[in-house]
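**Q** Take this sequence and fold it.
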Amino acid sequence: MSNITRIVILGKTGVGKSSLANTLFGEGLFRVGHTLNSETRTCQAETKPVNGRNITLIDSPGFFDTHRSENDLKSEIVRCVTEFAPGPHVFLIVLKVERFTEQEQAVIAKMHEYFSDEFLKYAIVLFTHGDQLPEGQTIESFICNNKLVMELVEKCGGRCHIIDNKCCENNPQERYRNNQVQVKELLNTIDQMVEANRGGCYINEMLQAVEERIKQEVQLIRKSPGNMSEGEIREKAKDKVVLALCLGLACVSVGVVLGVFFGSAASMQVVGALIMRGFALATK
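**A** Got it, this is the predicted structure:
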């Protein structure tokens with residue numbers, strides 16, 4: 001198992017991705033919004049030791065929101081891909097405990113469309129707002145009547161967890177509704193999945209191309225005048241790669257970019273060529 005486990009949090013705006021990240025870390029490192037608008041405009045990555053393991057959490061924007069512009073969403077996806085490189089060990093697909101309206105069904109349908117079987121080997125379905133679950137009901141019984149959700153969980157190897165927004169301090173012995181216990185159980189599932197994947201991370205051609213270009217830019221920056229730290233050098237390299245990717249993917253739809261990133265074989269060669277075109281345009 002690697003020294004740092006990289007975990008990406010995915011889901012639409014408003015499901016509680018940033019709150020989940022803060023719960024996992026036990027402190028408010030991620031900005032949480034209290035409106036329907038997303039607080040997470042670009043990816044935020046933070047690293048911290050948790051229960052004897054080093055974890056990097058990557059909080060992503062709402063990839064599956066239909067109300068955002070194509071250009072805005074594409075630039076966010078590109079920036080997130082550079083944060084993900086060289087590849088995440090875990091994806092947390094976040095849904096909210098609520099009635100599944102047509103919008104929620106559409107989001108889950110998009111996930112089925114974009115997520116490949118290979119991607120789902122590294123994924124866990126996680127429900128937030130567990131405190132809204134009726135007393136005495138389990139998350140398994142909650143989803144049993146929703147075919148799309150059940151199929152998604154099955155494709156993720158049956159890995160499904162729930163996190164309460166509140167710690168239930170008045171009843172700390174109630175294991176199922178205590179989020180400290182819920183976090184421990186989630187981390188155990190993550191450890192088991194990473195071990196089953198032999199410590200490997202999710203990677204595809206897009207991530208490989210991104211990481212290779214970042215390494216090339218790091219070498220170029222090191223040779224230039226200045227006194228930057230290694231962390232600053234990599235951040236500058238990632239910024240240059242973001243610009244190149246945005247240029248290269250300017251004519252590609254959000255659906256194609258998401259499909260390629262999440263492991264779909266469709267249009268992989270086309271997007272790879274566009275990435276290289278963007279690198280060329282960025283250096284002019």
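**Q** now the helices: where do they sit in this structure?
**A** Secondary structure of the chain, counting by DSSP state H: helices at 17-25, 70-84, 102-114, 117-120, 139-143, 147-155, 179-196, 205-223, 230-248, 254-261, 268-282.
**Q** and those helices, which one is worst for confidence?
**A** When the helices of the chain are compared on mean pLDDT, helix 268-282 scores lowest, with a mean of 70.
**Q** Tell me the buried residues in stretch 70-88?
**A** Buried residues in stretch 70-88, defined by neighbour count with 16 or more other CB atoms under 10 Å: 73-85, 87-88. Where C-beta positions appear, they are placed from N, C-alpha and C, glycine not excepted.
**Q** if we look at stretch 70-77, which residues are touching it?
**A** For stretch 70-77, contacts defined as CB atoms under 8 Å, 6 or more residues apart in numbering pick out 41-43, 60-61, 63, 65, 242, 246, 249, 252-254, 257-258, 261.
**Q** confidence score at residue 60?
**A** Per-residue pLDDT puts residue 60 at 85.
**Q** what about it, distance to residue 118?
**A** Applying CB to CB, to the nearest Å, the value for residue 60 to residue 118 is 19 Å.
**Q** Of the two, which one has the most company?
**A** For the pair residue 60 and residue 118, the greater number of neighbours falls to residue 60 (24 against 14), based on other CB atoms under 10 Å.
**Q** Residue 12 is in contact with the more buried one, correct?
**A** No - with contact defined as CB atoms under 8 Å, residue 60 and residue 12 do not form a contacting pair (10.6 Å).
**Q** intersection of neighbour lists for those two?
**A** The contact lists of residue 60 and residue 12 share no entry, where a contact means CB under 8 Å, 6+ apart.
**Q** Same list, the helices of the chain, but as TSV with distance to residue 131 please.
**A** As requested, the helices of the chain are exported to TSV (distance: least, CB to CB, whole Å):
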stretch	distance to residue 131
helix 17-25	12
helix 70-84	29
helix 102-114	19
helix 117-120	28
helix 139-143	12
helix 147-155	19
helix 179-196	9
helix 205-223	36
helix 230-248	37
helix 254-261	31
helix 268-282	41
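**Q** what comes into contact with stretch 78-90?
**A** Stretch 78-90 has contacts (CB under 8 Å, 6+ apart) with 2, 5-8, 42-43, 45, 58, 60-61, 63, 122-124, 190, 193-194, 197, 199-203, 206-208, 210-211, 214, 238, 241-242, 245-246, 249, 257, 261.
**Q** Also stretch 225-232?
**A** With CB under 8 Å, 6+ apart as the contact definition, stretch 225-232 has outside contacts at 221, 236.
**Q** end to end, how far does it reach?
**A** According to CA to CA, to the nearest Å, stretch 225-232 extends 14 Å from its N-terminal end residue to its C-terminal end residue.
**Q** May I see the buried residues of stretch 215-235?
**A** Applying a neighbour-count criterion of 16+ other CB under 10 Å, the buried positions in stretch 215-235 are 217-218, 221, 233-234.
**Q** my bad, stretch 245-264
**A** The neighbour-count check on stretch 245-264 (16+ other CB under 10 Å) flags 245-249, 252, 254, 256-264 as buried.
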